[in-house]
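Asks: Structure of the sequence below:
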Amino acid sequence: MIYRLVWQATMVAHFLVIAYIALGGFLAWWRPRLIWPHLALCAWGLVQLTGLVECPLTALENWGRARAGERGLLPGGFIDTYIEGVIYPEAYVWHVRLAVVAVVLVSWAGFAVKIRRRRARAARTAEASAAPEPDAMR
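Replies: Numbers count the residues shown, from 1 in each chain. Sure thing, here's the model as predicted:
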């Protein structure tokens, strides 16, 4: 029972990580500090696309599945098992990947605009508070 819980919790965590990779830049508009884990996970996602290293979540899920007597993930890992061919047809893999990249880039561009506006607003506020009041000048 515990092993089943391990692989199912890992599967949920995997979905959340993938959702954060796709949409985390928009969360950073609200909380700018969230851009750093988003950048790290996007970099990790790019590394994963090379296929040179195995995702630790995939390894953990396969471990839990094996201990629970279930079959492991497909050779392509989490995405091949749960996403490609399930959420979208396999023929559209590159279309979906490009769409995700576009969404991430739009979120980063929006983040940059928001940060620039916040800094400009803070600078204007600092200038306004540092300027002497007109009555004090007499």
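Asks: Report the distance from the helix-or-strand element of the chain with minimal mean pLDDT to the chain centre.
Replies: Lowest on mean pLDDT, DSSP states H and E among the helices and strands of the chain sits helix 78, with a mean of 88. How far helix 78 lies from its chain's middle: 16 Å, per Cα atoms, centre = their mean, to the nearest Å.
Asks: which strands and helices sit next to it?
Replies: Applying 3 or more Cβ pairs under 8 Å, 6 or more residues apart in numbering; DSSP states H and E, one finds that helix 78 makes contact with helix 2-30, helix 56-67. Yep, even glycine has a C-beta here, placed from its N, CA and C like the rest.
Asks: how near is the closest residue to W29 other than its chain neighbours to S107?
Replies: Residue nearest to W29 in three dimensions, not counting chain neighbours: K114, with 5.2 Å by Cβ to Cβ, 6 or more residues apart in numbering. Noted for K114: a distance of 10 Å to S107, by Cβ to Cβ, to the nearest Å.
Asks: And those two? Which one has more around it.
Replies: Shown here are K114 and S107; by other Cβ atoms under 10 Å, S107 has more neighbours (20 against 14).
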